[in-house]
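Engineer: The sequence and its predicted three-dimensional model are supplied below.
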Amino acid sequence: MPRAAGDAVMVPWPIALLSLGYGVIAAVSASTLWKIMMGVVDRPKVWPGAWLAVSAAAMCGLALLKPWARLLAVVGLVWVTLATLTSAGLSALTARPEGALLATLGAGVCVVMIRYLRRPAIKALFASSD
C-alpha cells in the first residue's frame, strides 16, 4: 500500500542495527584515513577511503530506507563476507582453529544479514520509501 507524502515509517530494528554497524565501519575507516593523512601510518589511502564512502552512504541510506542503500548494504556485506572468509582461511592455515571458527561465524552473520535484506517484505519496505 503506498504511503502518503507525510507518513512516517519506523525503521525495523535489524535495519537500525545494520545501519549502526555500518556507522562503526565508517568511524574506523575515517580514523584509519586520518592516521594515513597525518603520517602516523604508511599505507595506501584507497581501501580506507572506499570503505568510508561505502559504509557512510549505506549507514545514512539504510536509516532513511532508500532503495539504493539496500543494494549498497548487500554489496558491502558481500565484501565483508569475503574478507572474513579469507581471514578464516589464513587462520586455519596457520594452525589457529579458534580464530578460523570465530571468523567463519562472523561470515555466517553477514550471510544472514544478506538474506534478511533480500526478503520480499524488506524489499517492499525499501521500495515504498521513494
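Structural biologist: Received it, and whenever you're ready, just let me know what you need.

Engineer: List the contacts of the strand or helix carrying V54.
Structural biologist: For V54, the host element (DSSP states H and E) is helix 46-63. For helix 46-63, contacts defined as Cβ atoms under 8 Å, 6 or more residues apart in numbering pick out 11, 15-16, 18-20, 22-23, 25-26, 29-30, 32-33, 36, 68-70, 72-73, 75-76, 79. Glycine gets a C-beta too; all of them are placed from N, C-alpha and C.

Engineer: Ok, stretch 118-126 next?
Structural biologist: Contacts for stretch 118-126 (Cβ under 8 Å, 6+ apart): 9, 12, 15, 65-67, 69-70, 74, 116.

Engineer: got these as JSON lines, with distance to L85, pLDDT and secondary structure columns?
Structural biologist: Formatted as JSON lines, these follow (distance: Cβ to Cβ, whole Å; pLDDT from 0 to 100; DSSP: H, G, I helix; E, B strand; the rest coil):
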{"residue": "V9", "distance to L85": "34", "pLDDT": "74", "secondary structure": "coil"}
{"residue": "P12", "distance to L85": "27", "pLDDT": "91", "secondary structure": "coil"}
{"residue": "I15", "distance to L85": "24", "pLDDT": "95", "secondary structure": "helix"}
{"residue": "L65", "distance to L85": "29", "pLDDT": "92", "secondary structure": "coil"}
{"residue": "K66", "distance to L85": "28", "pLDDT": "93", "secondary structure": "coil"}
{"residue": "P67", "distance to L85": "28", "pLDDT": "92", "secondary structure": "helix"}
{"residue": "A69", "distance to L85": "24", "pLDDT": "94", "secondary structure": "helix"}
{"residue": "R70", "distance to L85": "23", "pLDDT": "95", "secondary structure": "helix"}
{"residue": "V74", "distance to L85": "16", "pLDDT": "95", "secondary structure": "helix"}
{"residue": "Y116", "distance to L85": "19", "pLDDT": "96", "secondary structure": "helix"}
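
Engineer: Max pairwise distance over the residues you listed: which two?
Structural biologist: Maximum pairwise distance among the contacts of stretch 118-126 (Cβ to Cβ): 20.2 Å, between V9 and V74.
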